[in-house]
Each structure stands twice: as C-alpha cells, then as structure tokens.
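> just coords:
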C-alpha cells in the first residue's frame, strides 16, 4: 500500500498537522480484517439527489477554528434529533484529538438512525476506507489538499468498497483535480486552510466553475452557514449543504435543523 500513501509532509498548516498525526495512528491498522455489515448502508448520493437543498447535519464537539462547541453531546441523541428535524444525511466526526470524535460515535449513530452517514475524518491511508464500511458509513471524506494526485485512486477504492465519497476542494486548482478524478460528489469548503477564515463566496464561485466545466454530479457547500437566508445563494447550483457548528451549538437540535430546511 506504499503507493497509496499521500505526501503529507507537503500539506501545510493545521491540516498537515492533523493529517500527519492521523496517519501515525491509522497505519497500525494495516493488515486487520474488517467485518462488513451484511446490509448495504443507505445511499448518501441518493439522499443528496432528493428535491431541494439536502441538509447534511454534523455531529460535532469541537474544532481547531471554533474550539469547544458542544463537548458533552451524545452522538446518537443528536443524530436522532437531526433526523426528526428533517436532515437527509448525518456527518459524524471521528477524529479524536482536534474534533473530539470517535469511531464509537459512528457506530452509535448507525444504530440510532437509518439515514446515510458521512464519516468525517482525515482519510490518509487505504485502511480507513475498509474501516469506514465496517463501521456502517455510507460515504467517506476525501480532501484533495491532503490526497493530491492520489485522489482518484482513493475515490476508486471507496467505490470498490460500496461507499460514496465527498471529494472536498478549497480552490480552483483542487477543483481541477476533483474533476479530473471523475468525482461524482464534490464538496466546496468555504474555509481558508491557511488562516481558518470563512469566505462564503468560495462555494458559489467554484460551484459555477464546476458547472461551466460540464460537471453534472452533486455539489455540496461546506462551512459558514448558520441562518436560512444564507442558503439562498446556493439555490439552483448546489444539491446539499453541510452544517455543523451552528446546529451542534443549538439548545434544540431538532428545531435548528427544521429552521435550516425551511427555505
């Protein structure tokens, strides 16, 4: 699997720091055998293809940019509330140090709801793909800024394991990589990886570029959305939006999701 190891030394800033630490943890899992659930997980891509803007609600306790968000939340309880509020998919952070997530969170959410689950982690080793399927995920996150030229290979591996993949980009160059890789689902992150600032003009700009380039797949906008009015800028261009911080911080998760799905 050495030809599937990304050049993490070249990944800058906090993203590089997290990715390198994650690699040091997951490389030890290589060679393990995973028990795959008999039933296929709910389809992530089909959930995003439903009419209107699909909401991917994230189970999130903390982040490098926001610090503590909702450290004490119980993943299954939050996921059930999200589902009741109208979320079409659940994103579960499983990175333990910077986001306070865990694989156990994903297992518990899988038992709690029948919605598709995106495993939100830093995919840096092929073993994480097989592991994600065993945990009950419907999709994995592939960050172009981390995987670079290996994006296509990881995308193929995910599909071989029956998983969808959210291929995440942050700028024009990364978008070109995602398009060249044949990504069916592209996520545009509004967060600047250098200074962690948010610029919500990023998603509409790159989304338009993707469509103009002939991309007919699914577009997902990520980061910086906390009010229903902000979602109007995505109408007619994006298929889904991923929201984490504002929902997780809410005193009423179900109501918060319901508010964001009423456009």
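Ah, there it is. This one's a predicted model, so the numbers in the text were calculated from it and none came from an experiment.

> what's the closest non-adjacent residue to residue 127?
residue 29 (4.7 Å; Cβ to Cβ, 6 or more residues apart in numbering). In this view, the C-beta of every residue, glycine as well, is placed from N, C-alpha and C.

> low-confidence ranges in the chain?
Counting by pLDDT under 70, the chain has low-confidence residues at 1-2, 263.

> and the strands in the stretch 1-150 of the chain?
For the stretch 1-150 of the chain, applying DSSP state E, counting those that start in this stretch gives strands covering 54-59, 62-63, 67-68, 89-93, 117-120, 139-143.

> distance to residue 165 for the ones you listed - can I get that in a markdown table?
Formatted as a markdown table, these follow (distance: least, Cβ to Cβ, whole Å):
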| stretch | distance to residue 165 |
| --- | --- |
| strand 54-59 | 14 |
| strand 62-63 | 22 |
| strand 67-68 | 29 |
| strand 89-93 | 13 |
| strand 117-120 | 9 |
| strand 139-143 | 5 |
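
> of those, give the one that comes closest to residue 237.
Closest to residue 237 of the strands of the stretch 1-150 of the chain is strand 54-59 (Cβ to Cβ; 13.5 Å).

> contacts for that closest one, please.
47-48, 73, 75, 78-79, 82, 85-93, 101, 105, 109, 118, 120, 220, 239-244, 247-248, 253, 257, 260-261 (Cβ atoms under 8 Å, 6 or more residues apart in numbering).

> neighbours of residue 197, how many?
Residues lying near residue 197 (other Cβ atoms under 10 Å) number 11.

> ok, residue 65 to residue 178 distance?
23 Å (Cβ to Cβ, to the nearest Å).

> if you count surrounding residues, which of these two has more?
Taking other Cβ under 10 Å, residue 65 and residue 178 do not tie; residue 178 has more neighbours (25 against 16).
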